[in-house]
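Asks: pasted the sequence and its predicted model underneath.
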Amino acid sequence: MENRFLVLALSLHRSFPLFNDEELVLNETKLTKGKYRSVRRVFIIRDQDYAINEGLRWMIERNPPNEVKIINGTDHMVMFTRPLKLDPNSTIVPKRHFVLVHGGGHGAWCWYKITAFLQSNGHNVTAIDLTASGINPRQINDLKYSSVLDYIQPLMDFVESLQPKERAILVGHSMGGLGLSIAMEKFPNKVSAAVFVTAHMPGPHLRDYNKREYTKSGFFYGFRIYIYDQGPNNPPTAVKFGPNMLASKLYQLSPPKDLALAISLLRPYPIFNDEELVLEQTKLSKGKYGSVRRVFIICDQDHAIDEGLQRYMIEQNPPNEVKVINGTDHMVMFTRPLKLFSFLGEIAEKYY
């Protein structure tokens, strides 16, 4: 159990009574087959419960319920240790494989909450570090100039490595949507669904929205640290978010601890200046890219890819389904992780 819940219990716990009069207790807890037994019962065992230990299975043997369920890896306070296992509204689906792709500057680390939720529900999860991101060993100046393919190569390698009949649900956030789109085009038979979480979503007929819309919104200006690997007289080749940019545009509603985590772990990410090369590498077709089912998740308080741009991409390149998460900034995996997890469960059940 997390320390914060133990601290909460220590501050709120009160005394409880001992029932010493056995005769009175037996009289007050008298139960009948006609009434008590008419109600269906389910018993949930906690395998690491040291208060009511697993040896008390004799209760089940002597008084069999309609069903017995087991939650492994939990102590007595299962509502704190494994809350998702107790949630009657959570989507229960067979085991799926989710591949999570981060946005610019981030890494696999940004999915830590979603990864924990999905794994606790029995799913396989692979969170990718794109080139020169997260703990990927390459440096930003090692990337081929303006090459989207070089940047997303770890994702392409992983999807290609899936077993012949294995299919994964790709989830891309922000700039990670570019990688999703190219993987869909190259490996349509390995992708059961693609989820664009307030992400770039190019299409066969939607190619040049990115620069036009961001320039209009001023997103490319201020609050950033630029890198000029081609010399100061040429356009910047990479960029890194500054703390003010993170706090005001991306993490304005996120928990402070996650903003602090981002400030310590963010790395520069590439700027793709060669438009001709980018358009060539992101060429998408209706036959391949268009054959993969897509879901777009809108984040209504996103100040990085604002709702207007999100809806513009949806209008110009309609997905199979649109979902909305209200009250979240750009970093929905930190701000509303349970809601995002719930949507991913629904998508897994519907589109796998």
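Replies: On my side now, so go ahead. Residues are numbered from 1 along each chain as shown.
Asks: how about the helices in the stretch 101-250 of the chain?
Replies: Assigned by DSSP state H, counting those that start in this stretch, the helices in the stretch 101-250 of the chain fall at 112-120, 148-151, 153-161, 176-186, 209-217, 243-245.
Asks: just send the ones you listed back as a markdown table, with distance to D47 too.
Replies: Placement of C-beta: from N, CA and C, glycine included. Formatted as a markdown table, these follow (distance: least, CB to CB, whole Å):
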| stretch | distance to D47 |
| --- | --- |
| helix 112-120 | 15 |
| helix 148-151 | 44 |
| helix 153-161 | 34 |
| helix 176-186 | 37 |
| helix 209-217 | 50 |
| helix 243-245 | 44 |
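Asks: just these: most buried one?
Replies: Of all the helices of the stretch 101-250 of the chain, helix 176-186 has the most neighbours on average by mean count of other CB atoms under 10 Å, namely a mean of 25.
Asks: burial measure for E276, as a count.
Replies: 8 (other CB atoms under 10 Å).
Asks: list the buried residues in the helix or strand where it lies.
Replies: Per DSSP states H and E: E276 is located in helix 275-281. Neighbour counts over helix 275-281 (16 or more other CB atoms under 10 Å) mark L277, V278, Q281 as buried.
Asks: so which helix or strand of this protein has the lowest pLDDT on average?
Replies: Across the helices and strands of the chain, mean confidence by mean pLDDT, DSSP states H and E is lowest for helix 209-217: a mean of 42.
Asks: centroid residue for this structure?
Replies: I114 (4.0 Å; CA atoms, centre = their mean).
Asks: now do the contacts for that one.
Replies: If you count contacts by CB atoms under 8 Å, 6 or more residues apart in numbering, I114 has them with L100, V125, M333, P337, L340, F341, L344.
Asks: quick one on the thing from earlier: could I get the buried residues of helix 275-281 as JSON lines with pLDDT?
Replies: Rendered in JSON lines, the data for the buried residues of helix 275-281 read as follows (pLDDT from 0 to 100):
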{"residue": "L277", "pLDDT": "91"}
{"residue": "V278", "pLDDT": "89"}
{"residue": "Q281", "pLDDT": "92"}
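Asks: any idea how far T126 lies from V171?
Replies: Note on T126: its distance to V171, by CB to CB, to the nearest Å, is 10 Å.
Asks: overlap of the contact sets of these two?
Replies: F98, V99, L100.
Asks: any weak-confidence spans in the stretch 201-350 of the chain?
Replies: The model of the stretch 201-350 of the chain has pLDDT under 70 over residues 207-223.
Asks: just to revisit the earlier point, who has more neighbours out of T126 and V171?
Replies: Between T126 and V171, counted using other CB under 10 Å, V171 has the larger neighbour count: 30 against 17.
Asks: thought the more buried one was touching V197?
Replies: Yes - with contact defined as CB atoms under 8 Å, V171 and V197 form a contacting pair (6.4 Å).
Asks: pLDDT for the shared contacts of T126 and V171 - can I get that in CSV?
Replies: Shown next, in CSV, are the shared contacts of T126 and V171 (pLDDT from 0 to 100):
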residue, pLDDT
F98, 97
V99, 98
L100, 98
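Asks: okay, the residues you listed in CSV with neighbour count and secondary structure next?
Replies: Listed next are those as CSV, based on neighbours: other CB atoms under 10 Å; DSSP: H, G, I helix; E, B strand; the rest coil:
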residue, neighbour count, secondary structure
F98, 22, strand
V99, 24, strand
L100, 24, strand
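Asks: those into CSV, with extra columns for distance to Y228?
Replies: Converted to CSV, the shared contacts of T126 and V171 look like this (distance: CB to CB, whole Å):
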residue, distance to Y228
F98, 37
V99, 33
L100, 31
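Asks: need the three-state assignment for D49.
Replies: coil (DSSP: H, G, I helix; E, B strand; the rest coil).
Asks: separation between the closest residue to it other than its chain neighbours and P154?
Replies: Among residues not flanking D49 along the chain, H76 sits closest, at 4.6 Å (CB to CB, 6 or more residues apart in numbering). H76 sits 42 Å away from P154 when distances are taken as CB to CB.
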